[in-house]
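Peer 1: got a sequence here, can you build the structure:
(chains A, B and C)
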Amino acid sequence: MTITLAGIGYRYAGASKPALIDIDLELGEGEVVGLAGPSEAGKTTLCLVLSGLAPRTVGGQIRGSLTLDGEDVDTWPMHRLSQRIGIAFQNPSTQLSQVTDTVFEEVAFGPMNLGLPRDEVISRTWAALSALRIDALVERDPRRLSGGQQQLVALAGLLAMRPAHLVLDEPTAQLDPAGTQLVGDAIERLAADGASILIAEQKTDLLASICSRLVVLDEGRVALSGPAADVLADPRLDGLGVAAPSPVRLRRAAEAAGANVARLAEAFSGD
Amino acid sequence: MAGSGRLSGRQPVGGGAPDFLGRPGPTAYHRLNPLTKATLATVTAIAAVVLGGLPGPILLTAGAVILPALSARVLSRLLRTALLLALPIAISAFLVNLFFFPGGSQVLLRIGPITATAEGLGFALEILVRILAISGAVTLFYLTTRPGDLTADLERRGINSRAAFVANASVQTVPAMVERAAQITAAQRARGLDTEGSIWRRVRGIVPIVGPVILGSIAEVEERTMALEARGFTRPGRRTLLWTPADSTRQSFARWLLLIALLGLIVVRISAALT
Amino acid sequence: MTELRTDALTHRYVDGDISALDGVDLEITAGERVAIIGQNGSGKTTLVRHLNGLLRPTEGRVTIDGTDASRLTVARLASRVGLVFQDPDRQMFAGSVRSEVEFGPRNLGRSGTALDDAVNVALEASGLGGEDGTNPYDLGQSRRKLLALASVLAMHTPVLVLDEPTTGQDARGVARVRGVIEAVAAEGRTVIAISHDMRFVAETFERVIVMREGRVILDGSASQVFAADAWDALTSTHLEPPLAAVIGQRLKLGSTPTDAALIERLRLHDSG
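Peer 2: Predicted coordinates:
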């Protein structure tokens, strides 16, 4: 299933200037697309628009079109869209329902809301837990887990909705290195299994390892777009407030200092 | 994902509903249906007020609060919590009635212009026992019932899913709010807010603590709402329940019996008062 | 200037048997830039909360500038040790950026032009100059973090403690935080930061303290703490050395905790 944004503009309610201007973006099936840019460039807003939360829940004005396989989803209510596009946020704990005592019930929350037959709720829950390898956490209280574990539970809760696309808004921003590793690995596995993902992140190393395409936003507009490797090597990244991935950064520093770039590159091939 | 068949093709680990769903409570009393326990608490609280005299409410408390608390093994916690809950009101009500009971003649104690009378003492004790009975009944219910179980039961009986969620979430948010307030207090103290000084200073310190509690909660509400919507929360109609607390005809019968008994008590008291 | 000291500092929480801090001895002299790293639960947060009196020792002692900290209230200690919390939303309550930043210095008794100057300097340093009237909740999450930083900067304390200052920041935000730390240190003030960003730690702090299970297991320069012979100790507490150190080790260039050190050694190695 392909999501297409055409000429998307968005303004928050009561804001003096638009948060997004003239965005064209296509997310095809099985693609992992990265979204980079400094804070307040519009990454979160774009994620909200893609998921339908803007304007349905967040309010504001939108222009342009969002289509799924060519079909306009303007009139679709949130609960219908949430079964096509799932969205995860940075804060691990606010995504939990806060009313469940076990991870199982937390992950089942979405399918339960959809009114699916009990058997199906149960089988979808097990499948989602298994996809994220958190079967061992089934009985645990979601509120007592680490940030990284809570993010995995949140992702499982989304997968249980069986969306065709996942939109991840800086999922590792508030996590410690252990949590970042845990969530990063899980996302890599989902990507390798053919999931369709749009992931917004500051950590360009993470984006480099999973994304085939990358879009860089600057003040609400698309500043750069193309194959991930090309965009991440683009010298304009720095000026746009995006840190180049480590290998690129170190290579440039070596070049500037007149040091042996080839030796440096060798050291990276060990990664 | 939809269409790709990747997730649906996997063999689910575990298969059926896990057996920890619907964890049974530790005692028989815990395992009673939440509505039964709620009915008992309500009937006890109202009956304590309706019953006349002193022995009535005391016996009621013994039978409908103390004994069940014993069987549910929560007696010590109950006494601590119920007393804590009731203490401020209980103390002030007791003192007011002891000293300011109108028409009291038999003087027990004189402190300056105010007098404690025997009639006042009697009335004060009656008020005290009733307050403790109500507090005890409510606390017993709270200690033996998980909020999620009550709302699940009500949902099964037809209450709107979203309303049930809101009720459930409100109760369960309290510990998180308390923790948040503690963290906010720490942050403001680190910026020089004096919480150890004079009363006046402490009163002025309320805004920098209550402010972020409220503002932070509001900001969080928006995020939480989005997360809920992303999981189909706003879909109209009923949602599937994985588990609901068990009920039985005997319990249903008992609940009706309690309500009828209460009604009877009220009728008796009203007619006694009228004659 | 303030010197911080802990002697056999031990802390046990009321409901726990395990010591959150277990006999920590530390001496931090005025003007030092110190990073404290360690896994969640290693005692980092517990330690820094003793520095401004939010927590009191179960055993042992905390001394600030020669005075036993337990003799001073938190409000008094706030004039010596400023602590910036990790979550800005746990402190924002004012209707405007300016009022928010004024709160701290006002509590310390500043007023008039002295207050205005302190606030202006802090807002400029945090990149929020010009946002005086903005409602804190109209700023994005990362700028609110900078606002929290400004609100403590304005208190102009001899010691500044930062809890995870770069979490959630973009590249510019991290650079801004680094700039603030360098400016504060240049004034001879002490900066202590808890961080899990190893690269940021190596590039900004001259001294690194590693904690595990309530104890200090490593304490030295970034060069020492991230050198290969310390890696076992680091990984024992689930920490990874910065990438520059790893690459430096692979290329057998010695201890290179920062990009600059790595590149310099690489260049010298070729010409040497």
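Peer 1: drop to CA atoms for contacts and neighbour counts, all remaining ones
Peer 2: Noted.
Peer 1: please compute how far whichever strand or helix holds residue A:183 lies from its chain's middle.
Peer 2: Applying DSSP states H and E as the criterion places residue A:183 in helix A:177-192. Remark: helix A:177-192 is offset 12 Å from the chain centroid, using C-alpha atoms, centre = their mean, to the nearest Å.
Peer 1: got it, and stretch A:166-173?
Peer 2: 4 Å.
Peer 1: then stretch C:53-70?
Peer 2: Taking mean C-alpha positions (C-alpha atoms, centre = their mean), stretch C:53-70 and its chain are 19 Å apart.
Peer 1: rewinding a little: CA atoms of the helix holding residue A:183 as CSV?
Peer 2: Below are the C-alpha coordinates for helix A:177-192, written out as CSV (Å, rounded to 0.1, in the frame of the first residue of the first chain):
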residue,chain,number,x,y,z
PRO,A,177,22.1,3.8,25.2
ALA,A,178,20.7,0.4,26.3
GLY,A,179,17.2,1.4,25.4
THR,A,180,18.4,2.9,22.1
GLN,A,181,20.1,-0.3,21.2
LEU,A,182,17.0,-2.3,22.1
VAL,A,183,14.6,-0.2,20.1
GLY,A,184,17.1,0.3,17.2
ASP,A,185,17.6,-3.5,16.9
ALA,A,186,13.8,-4.1,16.9
ILE,A,187,13.2,-1.5,14.2
GLU,A,188,16.1,-3.0,12.1
ARG,A,189,14.4,-6.4,12.4
LEU,A,190,11.0,-5.1,11.4
ALA,A,191,12.6,-3.3,8.4
ALA,A,192,14.4,-6.5,7.4
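Peer 1: I'd like the distance between the spatially most central residue of chain A and chain C.
Peer 2: Centroid-nearest residue in chain A, with C-alpha atoms, centre = their mean: residue A:168, separated by 1.8 Å. Plainly put, residue A:168 is 15 Å away from chain C if you go by C-alpha to the nearest C-alpha, to the nearest Å.
Peer 1: given the host helix or strand of that residue, what are its sheet partners and their directions?
Peer 2: Using DSSP H and E, residue A:168 sits in strand A:165-169. Its sheet considered, strand A:165-169 pairs with strand A:85-88 (parallel), strand A:196-200 (parallel) by DSSP bridges.
Peer 1: and the contacts of that strand?
Peer 2: Under the contact criterion C-alpha atoms under 8 Å, 6 or more residues apart in numbering or on different chains, strand A:165-169 has outside partners A:29, A:43-44, A:47, A:50-51, A:84-90, A:195-201, B:1.
Peer 1: check the offset of that strand from the chain's centre.
Peer 2: Centroid separation between strand A:165-169 and its chain, computed with C-alpha atoms, centre = their mean, is 4 Å.
Peer 1: residue contacts, the nearest residue to residue C:255 once chain neighbours are set aside?
Peer 2: Closest residue to residue C:255 apart from its sequence neighbours, by C-alpha to C-alpha, 6 or more residues apart in numbering or on different chains: residue C:227 at 4.8 Å. Listed by C-alpha under 8 Å, 6+ apart, the contact set of residue C:227 reads C:245, C:254-257.
Peer 1: just send those back as JSON lines, with neighbour count too.
Peer 2: Output for the contacts of residue C:227, formatted as JSON lines (neighbours: other C-alpha atoms under 10 Å in any protein chain shown):
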{"residue": "C:245", "neighbour count": "26"}
{"residue": "C:254", "neighbour count": "17"}
{"residue": "C:255", "neighbour count": "23"}
{"residue": "C:256", "neighbour count": "29"}
{"residue": "C:257", "neighbour count": "29"}
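Peer 1: for these, work out which two are farthest apart.
Peer 2: Using C-alpha to C-alpha, the pair of the contacts of residue C:227 lying farthest apart is C:254 and C:257, separated by 9.5 Å.
Peer 1: for the stretch 151-271 of chain A, what lies in contact range of chain B?
Peer 2: Proximity of the stretch 151-271 of chain A to chain B is confined to A:157-159, A:161-165, A:193, A:195 under the rule C-alpha under 8 Å from any C-alpha of the partner chain.
Peer 1: which residues in chain B form helices?
Peer 2: Here chain B has its helices, by DSSP state H, at B:28-31, B:34-50, B:55-61, B:67-71, B:75-100, B:118-144, B:147-156, B:161-190, B:199-204, B:206-229, B:249-274.
Peer 1: lowest average pLDDT across those helices?
Peer 2: Ranked by mean pLDDT, the helices of chain B end with helix B:199-204 at the bottom, a mean of 78.
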